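In: Compute the structure for the input listed below.
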Amino acid sequence: MDGGLRSVSIYSDYSARSAFTSSCEPQPLMYAPSPAMFIDLGVTRPSVSRPSRSAIHILDDDSLLKIFYFCRPGAFEQDQYGLVRWGNWGRERWWYKPVQVCRRWRYLILDSASHLGLCLVCTRGTPVEDMLAHSPPFPLVIDYDYPKQDLAAEEEEGVMFALQHRDRVSRINLRMPVPGLQKVITALDDEFPMLEYLYIAPPTKHNSRLILPATFEAPQLRLFILNHFASPIGSPLLTTAVGLVILALRWIHPSTYPHPNHLLQPLSLLPQLETLDLSIGSPIPNREIERQLSHIPIEAHVTLPNLHWFAFWGISAYFEAFLPHMTIPILKRFRVQFFNQLRFSVPRLLQFMTVTENLRFSSVRFLFYHEAVAVFVGTRVGTEIEDFFLQVWCRHLDWQVSSTAQIFNVLSPLLSAVAELNLDYREHTLSSEGHNQADSTQWRGLLGSFRNVKTLRVHKGLVGELSRCLQLDGESSLDLLPELNELVCSAGSVDDKTFSAFSHEREAAGKPINLIVEVSPVDREVYLFISSTGRYNIDSDPVLPR
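Out: Sure thing, here's the model as predicted:
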């Protein structure tokens with residue numbers, strides 16, 4: 001490298017030719033290439049008198065290569081709920097500017113392309129044909145994440161041109177309106193030998209029948225997320241992708257449920273699977289599922305030795321049918337969502353969770369809101385990350401309490417260590433159609449599952465419901481929540497003596513409770529949910545003027 005260090009102007013605009021054909025003399029790097037890491041390179045300007053510092057050009061090639069390696073961005077992100085998010089693949093261009101700093105850096109980076117995972121990003125605004133014509137034959141990332149914007153003609157041509165290079169495509173992310181998506185997926189009609197990541201999702205539910213070509217194969221596939229498509233279960237894509245680590249089939253069609261044998265057999269070919277997300281079909285009566293399953297016995301069984309995150313969304317009868325035929329020894333995160341129904345019977349869910357050692361709980365939080373009742377169950381008090389999540393999609397409070405009471409009465413053997421119970425509520429979102437008061441018997445049925453709870457936190461919107469539930473009508477005050485010693489509620493609940501009768505009964509029974517006043521007894525303000533129409537938040541109730 002030349003001895004004199006000179007400043008360099010680095011621009012954010014990308015030119016397909018400039019990254020590889022510019023003749024750049026040795027220059028100091030004036031910034032760190034990764035947005036997540038800053039490296040003090042110790043560069044000084046010759047015209048300023050400062051103490052001597054080491055310049056980056058004294059580093060050997062191995063040291064520089066290690067720096068470049070650790071500056072690489074991650075392709076995917078996992079949020080606090082364990083959900084995999086598609087990363088910002090614009091960051092995959094991190095190496096475009098370092099190769100312009102000097103010839104040494106350019107040769108070092110380009111000669112280590114495989115080690116550094118260099119790739120070319122085909123996305124909106126990129127002249128794909130021109131870029132591929134003037135670039136090394138690096139792997140291709142096809143990233144069109146524009147769910148509300150149709151593809152322009154030249155963009156569609158660019159996607160189709162990139163997909164013609166099947167032996168170079170390593171990642172595909174397609175989130176676009178259905179008309180454009182229908183055209184693009186026709187190009188997935190053969191084997192893609194390098195494809196590792198595939199995420200295809202129209203923005204919302206639709207009436208079109210989207211189906212992947214029957215000849216589509218990707219033997220190196222490691223992540224596969226598909227939303228609102230015809231089921232690929234049994235297709236060559238799944239039967240050949242034996243190295244899959246993440247599989248998410250969400251809101252797949254048709255509305256009829258596949259026989260569990262047809263679901264379990266392909267899963268048995270995926271021993272490396274770590275995350276499995278199945279959202280199957282639409283709400284149909286349990287009796288219809290039971291009738292379908294009565295004709296053919298379930299003979300398949302699958303063991304997933306590496307699976308630690310499992311989610312299911314569908315009908316409880318179907319879930320109960322296939323769950324006993326799965327063995328998941330190291331499961332850590334378990335999410336179940338049921339459609340609304342009047343009766344829930346989940347004995348096999350209890351059996352499955354009993355033999356899964358990691359699913360032992362100490363805190364439970366209920367959220368009653370306008371679309372559903374959600375239950376967050378954790379192994380540690382105060383944690384924001386639930387180990388078991390249950391949601392039942394029904395709109396009325398009495399149905400919500402009844403549904404969860406039925407389910408948690410069955411699961412009560414797993415709840416003996418639960419010490420804290422939170423009852424949260426979103427009054428401003430609940431329906432005004434009635435049914436928004438639950439019977440005291442329903443509440444007692446729910447609370448009866450938590451025999452060892454010591455702390456009960458109650459949202460102000462549920463204080464009236466709970467106070468009526470705790471009016472004992474001749475029963476012993478220790479029949480319900482016998483170990484309770486703290487009841488946390490808002491100031492008004494204490495001032496107006498809402499729980500005074502219950503408090504006096506407990507004191508007379510020799511098990512007094514401590515009424516604690518907090519502005520926000522249930523301290524979680526925002527919840528993030530995912531439905532078939534996308535992500536949405538449930539915010540805290542608005543503060544009304546006095």
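In: ok, Q406 - how many residues close by?
Out: The criterion is other C-beta atoms under 10 Å. On that basis, Q406 has 19 neighbouring residues. C-beta here means a position set from N, CA and C on the backbone, and glycine is covered the same way.
In: Assess the claim that it and R343 are in contact.
Out: Yes - applying C-beta atoms under 8 Å, one finds Q406 in contact with R343, separated by 7.1 Å.
In: what sits against E299?
Out: N261 (C-beta atoms under 8 Å, 6 or more residues apart in numbering).
In: do that again at 10 Å, thanks
Out: Going by C-beta atoms under 10 Å, 6 or more residues apart in numbering, E299 touches P260, N261, L264, Q265, H325.
In: Just the closest of those to I513, please.
Out: I513 lies nearest to H325 out of those, by C-beta to C-beta, at 45.2 Å.
In: Give me the contact list for the helix or strand encompassing V463.
Out: V463 belongs to helix 463-469 when assigned by DSSP states H and E. The contact list for helix 463-469 (C-beta under 10 Å, 6+ apart) reads 368, 397, 401, 423, 425, 436-447, 456, 458-459, 462, 480, 487, 489-490, 492-493, 496-502, 521.
In: Next: stretch 186-194.
Out: Contacting residues not belonging to stretch 186-194 are listed as 139-140, 159-172, 174, 195, 198, 200, 212-221, 236-237, 240 [C-beta under 10 Å, 6+ apart].
In: For the closest residue to L264 other than its chain neighbours, give me its contacts.
Out: Spatial nearest neighbour of L264, chain neighbours left out: A300 (3.8 Å); criterion: C-beta to C-beta, 6 or more residues apart in numbering. Residues in contact with A300 (C-beta under 10 Å, 6+ apart) are 259-268, 322, 325-326.
In: Need the pLDDT of A300.
Out: Predicted confidence (pLDDT) for A300: 92.
In: ditto for the one 4 residues further on
Out: According to the model's per-residue confidence, L304 sits at a pLDDT of 96.
In: Is the residue nearest to L264 in a helix, a strand, or coil?
Out: coil (DSSP: H, G, I helix; E, B strand; the rest coil).
In: Might one say that I296 is in contact with P260?
Out: Yes - assessed by C-beta atoms under 10 Å, I296 is found in contact with P260 at 9.1 Å.
In: Of the contacts of helix 463-469, keep whichever come out buried.
Out: 368, 397, 401, 423, 425, 436, 438, 440, 442-447, 456, 458-459, 462, 480, 487, 489-490, 493, 498-499, 502, 521 (16 or more other C-beta atoms under 10 Å).
In: Identify each buried residue in the longest helix along the chain, please.
Out: Longest helix of the chain, by residue count under DSSP state H: helix 397-411. Across helix 397-411, burial judged by 16+ other C-beta under 10 Å covers 397-408, 410-411.
In: any idea which of these is the one closest to F361?
Out: L411 (9.4 Å).
In: which residues sit in contact with that closest one?
Out: Per C-beta under 10 Å, 6+ apart, neighbours of L411: V346, P347, L349, L350, M353, T354, F361, V377, F388, L390, T404, S449.
In: for the nearest residue to H259 once chain neighbours are set aside, phi and psi?
Out: Leaving out its chain neighbours, the residue that sits closest to H259 by C-beta to C-beta, 6+ apart is I296, at 5.9 Å. The phi/psi pair for I296 (degrees, to the nearest 10) reads phi -130, psi 120.
In: neighbours of I296, just the number please.
Out: I296 has 11 neighbours, counted by other C-beta under 10 Å.
In: and it, what pLDDT?
Out: Per-residue pLDDT puts I296 at 86.
In: distance of it from H262?
Out: Distance from I296 to H262, counting by C-beta to C-beta, to the nearest Å: 10 Å.
In: State the next helix or strand along the chain beyond the least confident helix or strand in the chain by mean pLDDT.
Out: Counting by mean pLDDT, DSSP states H and E, the chain has its least confident helix or strand at helix 18-21, which shows a mean of 38. Using DSSP H and E, the next helix or strand after helix 18-21 towards the C-terminus is helix 61-70.
In: Filter the contacts of E299 down to the buried ones.
Out: P260, L264, Q265, H325.
In: and the gap between the first one and V184?
Out: When distance is defined by C-beta to C-beta, P260 is 33 Å away from V184.
In: again, but for L304
Out: L304 sits at a distance of 32 Å from V184 (criterion: C-beta to C-beta).
In: Same question for I246.
Out: The gap separating I246 from V184 is 22 Å, by C-beta to C-beta.
In: Also F334?
Out: Relative to V184, and taking C-beta to C-beta, F334 is found at 35 Å.
In: tell me the domain boundaries of the chain?
Out: For the chain, automatic domain parsing gives the domain ranges 1-118, 360-546.
In: which stretch in those domains has the least confidence?
Out: domain 1-118 (a mean of 61).
In: Surely S500 is in contact with I513?
Out: No - in this structure S500 lies outside contact range of I513 using C-beta under 10 Å: 11.2 Å.
In: in the stretch 151-300 of the chain, which spans are strands?
Out: Taking DSSP state E, counting those that start in this stretch as the test, the strands found in the stretch 151-300 of the chain are 169-175, 197-200, 223-227, 246-252, 275-280.
In: picking up where we left off before, filter the buried ones among the contacts of helix 463-469 down to the ones in helices?
Out: Per DSSP H, the subset of the buried ones among the contacts of helix 463-469 in helices is L397, V401, S440, Q442, W443, R444, G445, L446, L447, S493, F502.
In: Most widely separated two among these?
Out: Farthest apart among those by C-beta to C-beta are G445 and S493. That separation is 22.7 Å.
In: Please write out the alpha-carbon positions of stretch 166-174 in PDB.
Out: C-alpha atoms of stretch 166-174 as PDB (Å, rounded to 0.1, in the frame of the first residue of the first chain):
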ATOM      1  CA  ARG A 166     -31.400 -20.900 -11.100                       C
ATOM      2  CA  ASP A 167     -27.900 -22.100 -10.200                       C
ATOM      3  CA  ARG A 168     -27.100 -18.800  -8.500                       C
ATOM      4  CA  VAL A 169     -30.300 -17.900  -6.700                       C
ATOM      5  CA  SER A 170     -29.700 -18.300  -2.900                       C
ATOM      6  CA  ARG A 171     -32.500 -16.300  -1.300                       C
ATOM      7  CA  ILE A 172     -36.000 -15.200  -2.400                       C
ATOM      8  CA  ASN A 173     -38.300 -12.800  -0.600                       C
ATOM      9  CA  LEU A 174     -41.500 -12.000  -2.500                       C
END
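In: Tell me the buried residues in it?
Out: Across stretch 166-174, burial judged by 16+ other C-beta under 10 Å covers R166, R168, V169, S170, R171, I172, N173, L174.
In: Run through the residues that contact T354.
Out: Neighbour list for T354: L411, P413, L414 [criterion: C-beta under 10 Å, 6+ apart].
In: Torsion angles phi and psi at it?
Out: Dihedral angles (degrees, to the nearest 10) for T354: phi -70, psi -40.
In: Look up how far K97 lies from it.
Out: T354 is 55 Å from K97, where distance means C-beta to C-beta.
In: One more: H228?
Out: Between H228 and K97 the distance is 38 Å, computed by C-beta to C-beta.
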